[in-house]
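> missing the sequence, but the structure's below:
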């Protein structure tokens with residue numbers, strides 16, 4: 001994944017109400033601080049591991065799937081505005097069963 005794709009993924013996460021802090025570390029740093037970085041991931045942070053400035057792995061927090069307050073379903077609740085009658089047909093009843101004549 002390129003840096004641009006990574007940034008886009010983060011923008012999408014923010015769009016869906018999932019503000020995810022990301023820490024980027026080189027593979028040597030990860031080797032030296034693995035326990036600390038895993039604890040940070042368990043606390044909600046995403047850790048991206050780099051090998052020669054290329055993203056090679058990601059450590060992400062495990063989140064429970066039950067009891068989610070916000071997720072994909074309902075994440076845009078309250079962001080739309082309904083105008084007019086959304087139940088009324090858009091064509092008159094006489095036009096429903098015509099052959100286009």
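Thanks, I have the structure now. Just so we're clear, the structure is a prediction, and the values are computed from it rather than from any experiment.
> Now the helix or strand where residue 35 lies: buried residues?
Using DSSP states H and E, residue 35 maps to helix 27-42. By neighbour count with 16 or more other C-beta atoms under 10 Å, helix 27-42 contains the buried residues 30, 37, 40-41. Just so you know, the C-beta spots here come from the backbone N, C-alpha and C atoms, and that holds for glycine as well.
> Show me what it is packed against.
strand 22-26, strand 46-51, strand 54-59 (3 or more C-beta pairs under 8 Å, 6 or more residues apart in numbering; DSSP states H and E).
> Rebuild those as TSV, extending it with mean neighbour count, mean pLDDT and distance to residue 86.
Below are these laid out as TSV (neighbours: other C-beta atoms under 10 Å; pLDDT from 0 to 100; distance: least, C-beta to C-beta, whole Å):
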stretch	mean neighbour count	mean pLDDT	distance to residue 86
strand 22-26	15	92	40
strand 46-51	17	93	40
strand 54-59	13	93	42
